[in-house]
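Trainee: Starting from these lines, generate the structure:
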Amino acid sequence: MRIQPIQNEFEKEIIDLILNIQQKEFNVPVTLEDQPDLMEIENFYYQPGGIFLGAFIDEKLVGTIALVRFSEKAGAIRKMFVKKEFRGKEFGIAQQLLEQLITFSKENDIKDLYLGTVTILQAALRFYEKNGFETIAKESLPPDFPLMKPDNVFCHLNLK
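Mentor: Numbers count the residues shown, from 1 in each chain. Below you'll find the model as predicted:
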């Protein structure tokens, strides 16, 4: 497995991976139109100082994670998805994606990571909690945090 920064040359693979998991696996009521960032990876993630990472096995995209830098010292984790057949400790893909994103954040002087998710994704919430994230109230988010419509659970990790 390898993890590398990816951009819109992988747009089709990224969209297929993410929409299949959101819509078919978890029935999250979200469409591609609700996620214009997926067609503007360079502008949405890289230009403000973030990153979009892809995990590949046998040259196939099997996982993603992205960072939206929304202030000088804070970022939002987005698009953390791993194909069902590649999840779990035996592959460690989600863990490696998160670790690379945290390393990138520290190297780029980001002190606080935030994320939003949905209640139905209990395994994801447990994963974030195991990695030191704390659940916070929506009202505790920074005012410039980029909210996603379906999100109803929010987490924070201090990197200091």
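Trainee: Quick one: end-to-end length of stretch 85-101, please.
Mentor: 22 Å (Cα to Cα, to the nearest Å).
Trainee: what does that stretch contact?
Mentor: 1, 3, 51, 53, 55, 57, 62-67, 77, 80, 82, 113, 127, 131 (Cβ atoms under 8 Å, 6 or more residues apart in numbering). Glycine gets a C-beta too; all of them are placed from N, C-alpha and C.
Trainee: mind listing which of the residues you listed are in helices?
Mentor: residue 127 (DSSP state H).
Trainee: Now which of the contacts of stretch 85-101 would you call buried?
Mentor: 3, 51, 53, 55, 62-67, 77, 80, 82, 113, 127 (16 or more other Cβ atoms under 10 Å).
Trainee: Which pair of those spans the longest distance?
Mentor: Farthest pair in the buried ones among the contacts of stretch 85-101 (Cβ to Cβ) is 62 and 113. Separation: 22.7 Å.
Trainee: For the helix or strand of the chain with the lowest mean pLDDT, which outside residues touch it?
Mentor: Every helix and strand of the chain was ranked by mean pLDDT, DSSP states H and E. The lowest is helix 122-130, at a mean of 93. For helix 122-130, the external contacting residues (Cβ under 8 Å, 6+ apart) are 80, 94, 115, 117, 135, 153, 155, 157.
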